[in-house]
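Chemist: Just to be clear, the model below is a prediction. Sequence and coordinates:
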Amino acid sequence: MNKRVLASLALSLSLVTSSLVAAGLDDVKNKGVLSVSLYKDFPPYSYISEGKQSGIDVEIANALAAKLGVSSQIRLVGADENVEDDLRNNVWKGHYLGGGVTDLMLHMPVDNAFSEKVDKVKFVAPYQLEQIAFAFDTNKVGKQPTLANFMSEPIGVEVDTLSDLYLLEAMQGQLSKSVRHFDSLTKAVAALKAGEVTGIMGPRGELEGLLQERPETLQIQSLITPGLARSNWAMGIAVKADNEELAKAVNESMAALVKDGTVKKIFEQYKVTYTPPATPPELSAKN
């Protein structure tokens, strides 16, 4: 799972700049603060807008903290080489340049194979199913295009992502000459709006968030992607592995937020389709 499937080191100016130390549930309750790492420059999930932290994951982090009865302290961080590095820097060890770690990190892949690979953290509270989709100009490829349409039309993609790797190899490499690489999905969307590319492949949530305002000729759909082994994945929360009580409390709090519709409302606020994961977090019997 490449870091760019998620999102890129700076703290928000609104945050306390002292070192952070990941705490257990009792410590979180006692200090009254839940510290959370989120990716920066990652619309519609976490970014700065008009000087304020904004986005779906920002709202979820705030709601989660409130459910735990504490306030939130959000640190916006840049993506490292891969998700394992991000977890080391922000959840269980800390960056070698300093800054400490936070209690949680959102927008993390909840996947059994990945969990076994990264045993320093525990992945809990899956709250969203992210899916690969395409945004495209219907004036150029029609309303029901296939991958074959992009053999003759340029298609944009964020470099070094799952979508990038797929397009370079799809159809025995026949699409590779049509692929246009961008540093971010934001730049790819700008190119689509400017007519420089005809389509984009990427995570549906990001595409919908970046294309909230768009003409009717720009559509977002899932297309048939032969050979793509994984077209969706659950997103959840990473907690340091030995913080078991905090992990349990976060899982149950998120389950309540999913059940009462809070998470869905947050997605709708940002005009992003909400798809719950196949196995959402579970409430305990007492709830």
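Modeler: That came through, no problem.
Chemist: Give me the below-cutoff pLDDT ranges for the stretch 151-287 of the chain.
Modeler: Residue ranges of the stretch 151-287 of the chain with pLDDT under 70: 283-287.
Chemist: mind running it again at 90?
Modeler: Scanning the stretch 151-287 of the chain for pLDDT under 90 picks out 213, 229-230, 277-287.
Chemist: show me what contacts the nearest residue to Ala191 once chain neighbours are set aside?
Modeler: Spatial nearest neighbour of Ala191, chain neighbours left out: Val197 (4.8 Å); criterion: Cβ to Cβ, 6 or more residues apart in numbering. All C-beta spots, glycine's among them, are computed from the backbone N, C-alpha and C. Contacts for Val197 (Cβ atoms under 8 Å, 6 or more residues apart in numbering) come out as Pro154, Ile155, Gly156, Arg180, Ala188, Ala191.
Chemist: Name the SS class of Val197, please.
Modeler: coil (DSSP: H, G, I helix; E, B strand; the rest coil).
Chemist: repeat for the one 5 residues further on
Modeler: Per three-state DSSP, the secondary structure class of Gly202 is strand.
Chemist: how close does it sit to Val159?
Modeler: 11 Å (Cβ to Cβ, to the nearest Å).
Chemist: And these two? Which one has more around it.
Modeler: Set side by side, Gly202 and Val159 show more neighbours around Gly202, with 26 against 15, by other Cβ atoms under 10 Å.
Chemist: Can you give the distance of the lengthiest helix in the chain from its chain's centre?
Modeler: Counting residues, the longest helix found in the chain (DSSP state H) is helix 244-259. Put simply, helix 244-259 sits 19 Å off its chain's centre (Cα atoms, centre = their mean, to the nearest Å).
Chemist: all strands for the stretch 101-250 of the chain, in order.
Modeler: 104-109, 121-137, 155-158, 179-182, 199-203, 218-221, 232-240 (DSSP state E, counting those that start in this stretch).
Chemist: Quickly run through the sheet partners of the fourth one, with directions.
Modeler: What that stands for is strand 179-182. Sheet pairing here is set by DSSP bridges, and for strand 179-182 it gives strand 155-158 (parallel).
Chemist: Please export the C-alpha coordinates of the strand it pairs with as PDB.
Modeler: Provided in PDB are the C-alpha atoms of strand 155-158 (Å, rounded to 0.1, in the frame of the first residue of the first chain):
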ATOM      1  CA  ILE A 155      -5.200   9.800 -18.600                       C
ATOM      2  CA  GLY A 156      -3.800  11.400 -15.500                       C
ATOM      3  CA  VAL A 157      -2.600   9.700 -12.300                       C
ATOM      4  CA  GLU A 158      -0.800  10.600  -9.200                       C
END
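Chemist: Could you measure from the nearest residue to Lys40 once chain neighbours are set aside over to Asp119?
Modeler: Distances taken as Cβ to Cβ, 6+ apart put Leu76 closest to Lys40, at 3.8 Å, once the chain neighbours are dropped. The gap separating Leu76 from Asp119 is 27 Å, by Cβ to Cβ.
Chemist: ok, residues contacting the longest helix of the chain?
Modeler: Residues contacting helix 244-259 (Cβ under 8 Å, 6+ apart): 23-26, 28, 60, 63-64, 67-68, 103-104, 122, 124-125, 127, 237, 239, 263-264, 276, 280-284, 287.
Chemist: could the strands of the stretch 101-250 of the chain go into a markdown table alongside distance to Asp80?
Modeler: As requested, the strands of the stretch 101-250 of the chain are exported to a markdown table (distance: least, Cβ to Cβ, whole Å):
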| stretch | distance to Asp80 |
| --- | --- |
| strand 104-109 | 12 |
| strand 121-137 | 15 |
| strand 155-158 | 16 |
| strand 179-182 | 20 |
| strand 199-203 | 19 |
| strand 218-221 | 29 |
| strand 232-240 | 14 |
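Chemist: Alright, calling it a day.
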